[in-house]
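Chemist: Please find the sequence and the predicted model below.
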Amino acid sequence: MCGIVGYIGHRDACEVIMKGLCRLEYRGYDSAGIAMIEPGGIAVRKREGKLSGLAELLEESPLRGHCGIGHTRWATHGEPDTPNSHPHTDCSGHIALVHNGIIENYLSLRMALIEEGHTFTSKTDSEVLVHLVEKYYQGNLLDAVKRAVASAEGAYAIAVISDRTPDEIVVARKASPLVIGVGEGEGFIASDVPAILEYTNRVLYLNDNELARVTRDGIAIYDLSLKPLAREPVTIEWTLEQAEKGGYETFMLKEIYEQPSSFQDVLRGRILPGRDGVTLAMKGIDDAFIRSLEKVSIISCGTACYAGMGGRYLLEHFTDLAVEVDYSSEFRYRCPKLDRNTLVMTVSQSGETADTIASLRMAREKGCKIVSVVNVVGSTIDRESDGVIHTHAGPEIGVASTKAYTAQLGALVLFALHVGRVRGQVTPADARAIIEELESLPGKIDRALATEGAVRSIAQKHFRVKSAFYLGRGFNYPNALEGALKLKEISYLHAEGYPAGEMKHGPNALIDRDFLVVCICTRSVRYDKMISNIKEVEARGGRIVAVGTEGDPNLKDIAGDVIYVPETMEELSPIVNVIPLQLFAYHIARLRGCDIDKPRNLAKSVTVE
Ligand code: F6R
């Protein structure tokens, strides 16, 4: 998500940090800042917007020193403005900190710290960390950081400096990446290797629940009880371009593989302590309003629309609400019947899609409240909605959406669960079971990713086909649409998603031995019906690739190829089942020699009608 760079040594720290932050620029960010230990104490420069703005600020008032930390922020909590940008300082101004991740219990920590007399200057979750370090500081920065992170729940990679101990940077990590670069008489820290590759290719990777002290003389790594840990540097052989992609051949593949952790981030801080419900902190949407609702209208485009369709199945399943779904480009020009008892939901990765913004504004004029599922904090849709569920998927660079889709589905599960609990249609016991299963999904997504070898071999057999159908039923019908969209956008093959039961009403006429049919047939209440639909395709000689549940004994007899994924609740199964569909589209596109990260004729964000 955010970018972190730090330096201690003999060079101009500001220059090293600015260069490092520029190397991370490709990932996207909304503000940037640097803190430096200067002879007079800690000095901070930070600014909303691009690094060029920070560079201008540094020209007007330069930072001079040899020990500093810098940050590019991808907002999660609090708008993308200057006060919320990092580094954050404590009340005394003696400590500065940068953070990447999400602190789940920041609200309770913040309240307790305010009661103890701390003054906050931002709305971020991160700022609690610097005040905790201040609270625990008794002359030993490493010890204070250790005690601070012990109080924090969630994910963090942090770097901390203090002018009282000017010869060190202290770092800590849990569930967010952090690397330490090894130099001669100098040390580097970064959230990603590209930031420091110009200076060193010898790095130490910090693991979860570890801290380190980086000084000019060396690097010491510790566990949470401050027991020293031995670690040998590894030599990075990647080029800069490979390093930007984390060693993956494309951003899309990197993002596909980020899904276990990006899905975890959707859940962070949202499960109630009793585990029988969730909290979504939708400012303008209270329980009384949720109880008064009669209808939900979901509007979005492309992949986000398929997530929205998934949201309809979820809301209809968990609540008694009537739910409609529309493509934004249609919604804005039809005459939808909307009133105060209709909630309009938009789903958008970028938060800047022109048709979705226009639809949102139209709904607002008709008196509807708006709840949006948005990835980019501070985007137009984020700002113009009454309630927002941020997906926290981090920057998505590949044009084809992958991790944003699973994060959107996760956010919609949480929303449906919340509405179901508030309206009394989901029992505490049911909520507990769903939450338990939601929490198991990162592991199941991981296992679904392990199908890549099998998927690659299957793609090898079929990449020369001309057309494909993707079939699914119920919760997995929108997933069939998404699978087909992935294939067409990156491989330029004609593909269509269909509800499997619809095939006999026309599409079956197209099936012959050259027609590829991808069938999502994991265990569900409609499993037998799906099997019958697959048999209809088999009878017409179609090439069947099925996605089935691990241990399913039937599919191998009717499908030419089967990709097995772990079992989960049917309601949540699209989140696991889409993984092999993403990988399949990926490998077909690769075999066809397509430019996967930048497919022809497409833009990442469609800001025109
Ligand atoms: C497909 C894809 C697009 C977007 C669509 C909506 O992989 O990325 O279909 O999903 O343009 O964009 P957002 O979510 O930014 O509103």
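Modeler: Thanks, I have the structure now. This structure is a prediction, so every number in the text was calculated from the model and none was measured.

Chemist: Setting the sequence-adjacent residues aside, check what's closest to whatever residue of the stretch 51-200 of the chain ends up closest to the ligand.
Modeler: Relative to the ligand, the nearest point of the stretch 51-200 of the chain is residue 74 (15.0 Å; Cβ to the nearest ligand atom). Yep, even glycine has a C-beta here, placed from its N, CA and C like the rest. In this structure, residue 74 finds its nearest non-sequential neighbour in residue 1, 4.6 Å apart by Cβ to Cβ, 6 or more residues apart in numbering.

Chemist: quick revisit: isn't the residue of the stretch 51-200 of the chain closest to the ligand right up against residue 396?
Modeler: No. With contact defined as Cβ atoms under 8 Å, residue 74 does not reach residue 396; the gap is 10.8 Å.

Chemist: So which of those two has more stuff around it?
Modeler: For the pair residue 74 and residue 396, the greater number of neighbours falls to residue 396 (26 against 21), based on other Cβ atoms under 10 Å.

Chemist: Setting aside sequence-adjacent positions, which residue approaches the more buried one most closely?
Modeler: Computed as Cβ to Cβ, 6+ apart, the closest residue to residue 396 that is not its neighbour in sequence is residue 404, at 5.0 Å.

Chemist: what comes up buried for the host helix or strand of the one you found?
Modeler: Per DSSP states H and E, residue 404 falls inside helix 403-422. Neighbour counts over helix 403-422 (16 or more other Cβ atoms under 10 Å) mark 403-422 as buried.

Chemist: what's the spacing between the residue nearest to residue 396 and residue 367?
Modeler: For residue 404, the distance to residue 367 equals 30 Å [Cβ to Cβ, to the nearest Å].

Chemist: now do residue 105
Modeler: Taken as Cβ to Cβ, the span from residue 105 to residue 367 is 37 Å.

Chemist: Does residue 163 touch residue 44 like I think?
Modeler: No. Applying Cβ under 8 Å, one finds residue 163 not in contact with residue 44, separated by 11.5 Å.

Chemist: Confirm that residue 446 sits in a helix.
Modeler: Yes. Residue 446: assigned to a helix according to DSSP: H, G, I helix; E, B strand; the rest coil.

Chemist: wait, it sits on residue 260?
Modeler: Yes. Residue 446 is within contact range of residue 260, at 4.7 Å (criterion: Cβ under 8 Å).

Chemist: higher neighbour count, the two?
Modeler: residue 260 (19 against 16).

Chemist: Please identify the residues of the chain in proximity to the ligand?
Modeler: Neighbours of the ligand within the chain, by Cβ under 6 Å from any ligand atom: 301-304, 348-350, 353, 356, 400-401, 485, 489, 605-606.

Chemist: Which of those are buried, as a PyMOL select command?
Modeler: In PyMOL, a selection of the buried entries from the residues of the chain next to the ligand looks like this (16+ other Cβ under 10 Å):
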select buried, resi 301+302+303+304+348+349+350+353+356+400+401+485+489+606
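
Chemist: Go through the residues of the chain next to the ligand and flag which are in helices.
Modeler: Judged by DSSP state H, the residues of the chain next to the ligand include 302, 303, 304, 356, 485, 489 as members of helices.

Chemist: Just read off the phi/psi values of residue 17.
Modeler: phi -70, psi -40 (degrees, to the nearest 10).

Chemist: Got the confidence number for the residue lying closest to it once chain neighbours are set aside?
Modeler: Among residues not flanking residue 17 along the chain, residue 70 sits closest, at 3.8 Å (Cβ to Cβ, 6+ apart). Looking at residue 70, its pLDDT stands at 98.

Chemist: Closest one to the ligand out of the ones in helices among the residues of the chain next to the ligand, please.
Modeler: residue 302 (1.9 Å).

Chemist: so what pLDDT did that closest one get?
Modeler: The model reports residue 302 with a pLDDT of 97.

Chemist: List the residues that contact it.
Modeler: Listed by Cβ atoms under 8 Å, 6 or more residues apart in numbering, the contact partners of residue 302 are 401, 485.

Chemist: re the thing from before, the more surrounded of residue 105 and residue 367?
Modeler: Using other Cβ under 10 Å as the criterion, residue 105 and residue 367 rank with residue 105 on top: 16 against 11.

Chemist: I figured that one hits residue 269, correct?
Modeler: Yes. Counting by Cβ under 8 Å, residue 105 does reach residue 269; the two are 7.2 Å apart.

Chemist: Mutual contacts of these two, please.
Modeler: 153, 154.

Chemist: contacting residues around whichever residue of the stretch 151-300 of the chain sits closest to the ligand?
Modeler: The ligand sits closest to residue 300 of the stretch 151-300 of the chain, with a gap of 6.2 Å, by Cβ to the nearest ligand atom. By Cβ under 8 Å, 6+ apart, residue 300 lies in contact with 307, 308, 327, 328, 346, 347, 348, 353, 356.

Chemist: from the residues you listed, which is closest to residue 6?
Modeler: Within the contacts of residue 300, the smallest distance to residue 6 is 33.9 Å, found for residue 348 (Cβ to Cβ).

Chemist: shouldn't the closest one be in contact with residue 303?
Modeler: No. At 10.1 Å, residue 348 does not count as touching residue 303 under the criterion of Cβ under 8 Å.

Chemist: that older thread, looking at residue 163 and residue 44, which is more packed in?
Modeler: Neighbour count, other Cβ under 10 Å: between residue 163 and residue 44, residue 163 has more, with 21 against 18.

Chemist: Quick one, grab the pLDDT at the more buried one.
Modeler: For residue 163, pLDDT reads 98.

Chemist: For it, what are phi and psi?
Modeler: Note on residue 163: backbone dihedrals following degrees, to the nearest 10 are phi -80, psi -10.

Chemist: now swap in residue 495 and tell me
Modeler: Dihedral angles (degrees, to the nearest 10) for residue 495: phi -140, psi 140.

Chemist: per-domain residue ranges of the protein.
Modeler: Following automatic domain parsing, one finds the domains of the chain at 3-244, 254-448, 450-591.

Chemist: Dump the ones you listed into a markdown table; add distance to residue 598 as well.
Modeler: Written out in a markdown table, the entries for these read as follows (distance: least, Cβ to Cβ, whole Å):
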| stretch | distance to residue 598 |
| --- | --- |
| domain 3-244 | 13 |
| domain 254-448 | 6 |
| domain 450-591 | 10 |
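
Chemist: Out of these, flag the one nearest residue 597.
Modeler: Among these, the nearest to residue 597 by Cβ to Cβ is domain 254-448 (5.0 Å).

Chemist: I'd say residue 362 and residue 332 touch.
Modeler: Yes. Residue 362 lies in contact with residue 332 (Cβ under 8 Å); the separation is 5.7 Å.

Chemist: more crowded one of the two?
Modeler: residue 332 (21 against 18).

Chemist: got the contact list for the residue most central in space within the chain?
Modeler: The chain has residue 393 as the residue nearest its centroid, 1.1 Å off, counting by Cα atoms, centre = their mean. For residue 393, the contacting residues are 262, 265, 266, 349, 375, 403, 404, 406, 407, by Cβ under 8 Å, 6+ apart.

Chemist: Can you tell me the SS state at the closest residue in space to the second one that isn't next to it in sequence?
Modeler: The one in question is residue 265. For residue 265, ignoring the flanking residues on the chain, the nearest one in space by Cβ to Cβ, 6+ apart is residue 392 at 4.2 Å. In terms of secondary structure, residue 392 is coil; the call rests on three-state DSSP.
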